[in-house]
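> the sequence and its predicted three-dimensional model are supplied below.
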Amino acid sequence: MKTNFSLLFYLKKQKNYISGNSPIYMRITVDGKRSEIATSRDCNPNRWSKRSSRLIGTKEDVKMLNSYLDQLQSSVYQAHQELVSFGIGITSEAIKYRYLGKMDGSHTLLEAVKDHNEKMQSLVGKGYVQGTLNRYKVLEKHLSAFMLSKYEVVDMDIKRVDQAFLNDFDYYLRSNKDCENNYVVKNVKNLGKILRIGLENGWVEKDHFLGYKGKTKNVDRYYLNQEELEQIAGKEFLSERLRQVRDVFVFCCFTGLAYVDVFKLKQEHIQKGNDGERWIFTNRQKTKTRSAIPLLPTAVKIMDRYATNKVCVNKGNLLPVPSNQKLNEYLKEIADLCGIDKKLTSHIARHTFATTVTLLNGVPIESVSKMLGHTNIRTTQHYAKILDIKVGADMALLKEKYH
């Protein structure tokens, strides 16, 4: 039976559109009935030609996007031809589902990821943090690019995700994206969570993630030695911006607080401990465990320095902490000015507290673990493993005995 089949790419503007990019959609029409599919791409409406349904221009990014749309168009025509050859009734929905590699009424992989992300979005601040959601949004982008590269589709039936898919996705991230092992394994594990939710919802029949063999590896944890720490702490900066970032960084070096914990730190978290001195009492954002940290003199000086700071007083914060992105950006400047050939980040400060400030000065690992808010002392032991200096110092005492 002859049918009227057509394919159109178009921009889907929001009702309140003012400026910016708009998403590109595919519209499949059969005998006047339409089905739409998102292409996972967008563009500026001023660069879009309604007549050709493509971008206008000759630059490389325009050529790449137009080539991508050509590839999608070819895949849709192929799906249509397969239905014709199989003798299946041609409808817009049938072509759409054939193109997506799924059957009518089933669910796609990106549909499952988006459903998960929408629910997590509503829970940010209620048990989840924005950073966790961002990782799943990145996973969505990786999966979209992988399926287009490997299967030449923008999405597929979630039931088609099997052991081979997971292994191929693992290989794709390592080879095409040049990702490190731990990053790859975390992405595949996040995909495993999506698949388990699909299993609970009855969208898939088997948890193929159980056969995935990827494992994270222990990595070296960089930290500042005593000389480097003193160099940064004693450096005079002309810029108030760099002075404040330096103070926040050094404060973390002497308290072991992670970025999100020092960002949320308020005066109410400073209380007298059982020794009559000032302590930090807070719950870690990441693990929800309680941290009790006696304040060392350097940390006290920094804290008192900002007691009357207008920004801190107005916001109710203990220190003027910028965004994590800005903090790490300014720390790079500080490292260059101090002549330190290490990539300074907010987490390096936490490692420095665990090693240079505490373990190397004889603080028991159990106490360090409690101050860091670790849920398992084995996590703290990772720091102890890299302390060759401590091993050397301990053995020097033994050498003296057997001299």
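Structure received.
> the longest strand in this protein is where?
Counting by DSSP state E, the longest strand found in the chain is strand 33-43.
> which neighbouring elements make contact with that strand?
strand 22-30, helix 60-86, helix 92-100 (3 or more C-beta pairs under 8 Å, 6 or more residues apart in numbering; DSSP states H and E). To be clear about C-beta, it is placed using only N, CA and C from the backbone, and glycine gets the same treatment.
> going by neighbour count, list what's buried in that strand.
Neighbour-count burial for strand 33-43, counted by 16 or more other C-beta atoms under 10 Å, picks out 35, 37, 38, 39, 40, 41, 43.
> turn the residues you listed into JSON lines, including distance to residue 60.
Output for the buried residues of strand 33-43, formatted as JSON lines (distance: C-beta to C-beta, whole Å):
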{"residue": "35", "distance to residue 60": "32"}
{"residue": "37", "distance to residue 60": "26"}
{"residue": "38", "distance to residue 60": "24"}
{"residue": "39", "distance to residue 60": "19"}
{"residue": "40", "distance to residue 60": "19"}
{"residue": "41", "distance to residue 60": "15"}
{"residue": "43", "distance to residue 60": "14"}
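> can I get those residues in CSV including pLDDT and distance to residue 358?
Below are the buried residues of strand 33-43 laid out as CSV (pLDDT from 0 to 100; distance: C-beta to C-beta, whole Å):
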residue, pLDDT, distance to residue 358
35, 92, 62
37, 91, 56
38, 89, 51
39, 90, 53
40, 86, 48
41, 91, 50
43, 91, 53
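> between the residues you listed, which sits nearest residue 267?
residue 40 (46.5 Å; C-beta to C-beta).
> residues in contact with the residue nearest to that closest one when sequence neighbours are not counted?
Excluding the flanking residues, the one nearest residue 40 by C-beta to C-beta, 6 or more residues apart in numbering is residue 144, at 4.9 Å. Residues near residue 144 by C-beta atoms under 8 Å, 6 or more residues apart in numbering: 40, 110, 154, 155.
> which ones among these lie within strands?
residue 40.
> low-confidence ranges in the stretch 101-250 of the chain?
Along the stretch 101-250 of the chain, segments meeting pLDDT under 70 span 102-106, 218-221.
> hmm, 90 instead?
Applying pLDDT under 90 to the stretch 101-250 of the chain picks out residues 101-108, 110-111, 124-132, 147-160, 201-223.
> OK, contacts around the nearest residue to residue 5 once chain neighbours are set aside?
What sits nearest to residue 5 in space, not counting adjacent residues and going by C-beta to C-beta, 6+ apart, is residue 30, at 5.2 Å. Neighbour list for residue 30: 3, 4, 5, 90, 91, 92, 95 [criterion: C-beta under 8 Å, 6+ apart].
> go with 6 Å
Contacts of residue 30 were listed using C-beta atoms under 6 Å, 6 or more residues apart in numbering, and they are 3, 5, 90, 91, 92.
> ok, it to residue 161 distance?
Per C-beta to C-beta, to the nearest Å, residue 30 is found 28 Å from residue 161.
> let me know the secondary structure of the residue most central in space within the chain.
Nearest residue to the geometric centre of the chain (C-alpha atoms, centre = their mean): residue 135, 3.4 Å. Here residue 135 is helix, with the state taken from DSSP: H, G, I helix; E, B strand; the rest coil.
> how near is it to residue 155?
Separation of residue 135 from residue 155 (C-beta to C-beta): 20 Å.
> off-centre distance for the longest strand of the chain?
27 Å (C-alpha atoms, centre = their mean, to the nearest Å).
> downstream of it, the next helix or strand is which one?
Once the chain leaves strand 33-43, the next helix or strand it forms, by DSSP states H and E, is strand 48-49.
> pLDDT score assigned to residue 354?
Looking at residue 354, its pLDDT stands at 88.
> and what of residue 379?
Confidence score, pLDDT, at residue 379: 74.
> could you check how far it is from residue 302?
Residue 379 is 27 Å from residue 302, by C-beta to C-beta.
> same check on residue 208?
Counting by C-beta to C-beta, the gap from residue 208 to residue 302 is 51 Å.
> who has more neighbours, those two?
residue 302 (22 against 18; other C-beta atoms under 10 Å).
> these two touch, right, the more buried one and residue 246?
No: counting by C-beta atoms under 6 Å, residue 246 is not a contact partner of residue 302; they are 9.5 Å apart.
> list residues touching both of these two?
Joint contacts of residue 302 and residue 246 (C-beta under 6 Å, 6+ apart) do not exist.
> what sits against the closest residue to residue 80 other than its chain neighbours?
Nearest residue to residue 80, sequence neighbours excluded (C-beta to C-beta, 6+ apart): residue 95, at 5.2 Å. Shown in contact with residue 95 (C-beta under 6 Å, 6+ apart): 28, 79, 80.
> and the residues you listed, which is closest to residue 229?
residue 79 (61.6 Å).
> ends of stretch 284-299, what's the gap?
Terminal residues of stretch 284-299 are spaced 19 Å apart (C-alpha to C-alpha, to the nearest Å).
> do stretch 158-165 as well
Terminal residues of stretch 158-165 lie 11 Å apart, using C-alpha to C-alpha.
> buried residues in it?
By neighbour count with 16+ other C-beta under 10 Å, stretch 158-165 contains the buried residues 158, 159, 160, 161, 165.
> ok, the closest residue in space to residue 44 that isn't next to it in sequence - contacts?
Distances taken as C-beta to C-beta, 6+ apart place residue 21 nearest to residue 44, at 5.6 Å, with adjacent residues excluded. Contact analysis of residue 21 by C-beta under 6 Å, 6+ apart lists 42, 43, 44.
> where does the nearest residue to residue 181 once chain neighbours are set aside land in three-state SS?
Of all residues not flanking residue 181 in the chain, residue 217 sits nearest, at 5.6 Å (C-beta to C-beta, 6+ apart). Following three-state DSSP, residue 217 is assigned to coil.
> what about residue 217, neighbour count?
8.
> distance of it relative to residue 188?
14 Å.
> again, but for residue 280
If you go by C-beta to C-beta, the gap between residue 280 and residue 188 works out to 37 Å.
> those two: which has the busier surroundings?
Using other C-beta under 10 Å as the criterion, residue 280 and residue 188 rank with residue 280 on top: 23 against 19.
> how far away from the center of its chain is stretch 278-296?
On C-alpha atoms, centre = their mean, the centre of stretch 278-296 falls 24 Å from the chain's centre.
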